[in-house]
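Peer 1: okay, structure incoming, though there's no sequence with it:
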């Protein structure tokens, strides 16, 4: 069951323009486009006449979109504006219009009750709006249930085994100090690792040669958004907390602010959006490119595992699984999703 009364990323702002694009969001076809006046529009991608995809049509000068099959036009609010060869427009000649929000690098969509579409409830990802900061963003299409990704992002014990060439390392698992805090619709996983070898990505990006202290603070916001604050610092110095205004330590340090957002496409596929924000005074553009390339490589390694999980689940649905200690944060998140599904009815 998909959770509808939430904001989901439908696509990048840069990809929503005068040419309509099609997306699947929570099992529904959606057409995204931008009116000549600059407004981002999201409509059900299905003409009510003969179900032709509106995404194959064209945006008109007044902001309406024209069906490619019989020329019927729909306004940005979904109401039919024109039908060739007749002047009477049937009362139910309209397609569903979805509330949209442009925040950060993305266009967000609300698929539930429009009256509940509170913009304040959308994840803020504040570092993407930080004055002077720069960003790197990307997207992956993953053929798995979105809940597999939620579970993956809240269990860092997989890093040494899935990502040994980038951000993995034995110190992630051995002697990590871990705390898990659950809110009504949120989970925070905080991991602190002391006197460990820096993983390959941090070693090259930050120039670390000796042991480091490492941290991972991960905030999950139901149903599928995450804020990550991760990094390493020279041993002998405390790991950093996710506080913009804290003074910078007099030590070699490399910290990263990343976002993750999963938008269910179907029961077995997900659009996965990732982003990295940085202060150009601390990180050069060249180094930022390297860090993000390494980070994106880790996501691609996750995709291999996630899609293999989905295949096994499809082959043996309902098969018994076990839990281990590192599942605590992920299990809290999955329980929250289950509770929200039950409340939705």
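Peer 2: Cool, the structure landed. The model shown is predicted, which means the values in this text are computed figures rather than measured ones. Numbering: from 1, shown residues only.
Peer 1: identify the residues contacting stretch 125-132?
Peer 2: Contacts made with stretch 125-132 from outside it, assessed by C-beta atoms under 8 Å, 6 or more residues apart in numbering, are listed as 103-105, 133, 135, 227, 244, 257, 259, 275, 277, 279-281. All C-beta spots, glycine's among them, are computed from the backbone N, C-alpha and C.
Peer 1: residues of that stretch that come out buried?
Peer 2: Buried residues in stretch 125-132, defined by neighbour count with 16 or more other C-beta atoms under 10 Å: 125, 127, 128.
Peer 1: same question for stretch 54-73.
Peer 2: 54-55, 57-60, 63-68, 72-73.
Peer 1: quick revisit: turn the buried residues of stretch 125-132 into TSV, columns for distance to residue 221 and secondary structure.
Peer 2: Listed next are the buried residues of stretch 125-132 as TSV, based on distance: C-beta to C-beta, whole Å; DSSP: H, G, I helix; E, B strand; the rest coil:
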residue	distance to residue 221	secondary structure
125	10	coil
127	15	helix
128	15	helix
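Peer 1: need the contact list for residue 291.
Peer 2: By C-beta under 8 Å, 6+ apart, the neighbours of residue 291 are 201, 205, 256, 276, 278, 283.
Peer 1: at 7 Å what do you get?
Peer 2: In this structure, residue 291 makes contact with 201, 205, 256, 276, judged by C-beta atoms under 7 Å, 6 or more residues apart in numbering.
Peer 1: again with residue 292
Peer 2: So residue 292 contacts 136, 276 (C-beta under 7 Å, 6+ apart).
Peer 1: which SS state does it fall under?
Peer 2: At residue 292 the chain is in helix, as set by DSSP: H, G, I helix; E, B strand; the rest coil.
Peer 1: mind pulling up the pLDDT for it?
Peer 2: Looking at residue 292, its pLDDT reads 91.
Peer 1: for residue 138, see how far away it is.
Peer 2: 8 Å (C-beta to C-beta, to the nearest Å).
Peer 1: one more: residue 33?
Peer 2: 22 Å.
Peer 1: of these two, who's got more company?
Peer 2: Between residue 33 and residue 138, counting by other C-beta atoms under 10 Å, residue 33 is the more crowded of the two (23 against 16).
Peer 1: quick revisit: out of the contacts of stretch 125-132, which one has the lowest pLDDT?
Peer 2: residue 244 (63).
Peer 1: quick one: the helices in the protein, in order.
Peer 2: 146-153, 159-162, 200-206, 285-315, 328-344 (DSSP state H).
Peer 1: residues in contact with residue 187?
Peer 2: 154, 180, 220, 329, 332, 333.
Peer 1: let me know the closest of those to residue 266.
Peer 2: Closest approach to residue 266 among those (C-beta to C-beta): residue 333, at 20.6 Å.
Peer 1: give me the pLDDT for the closest residue to residue 223 other than its chain neighbours.
Peer 2: Nearest non-adjacent residue to residue 223, counting by C-beta to C-beta, 6 or more residues apart in numbering: residue 3, 4.6 Å away. For residue 3, the model assigns a pLDDT of 97.
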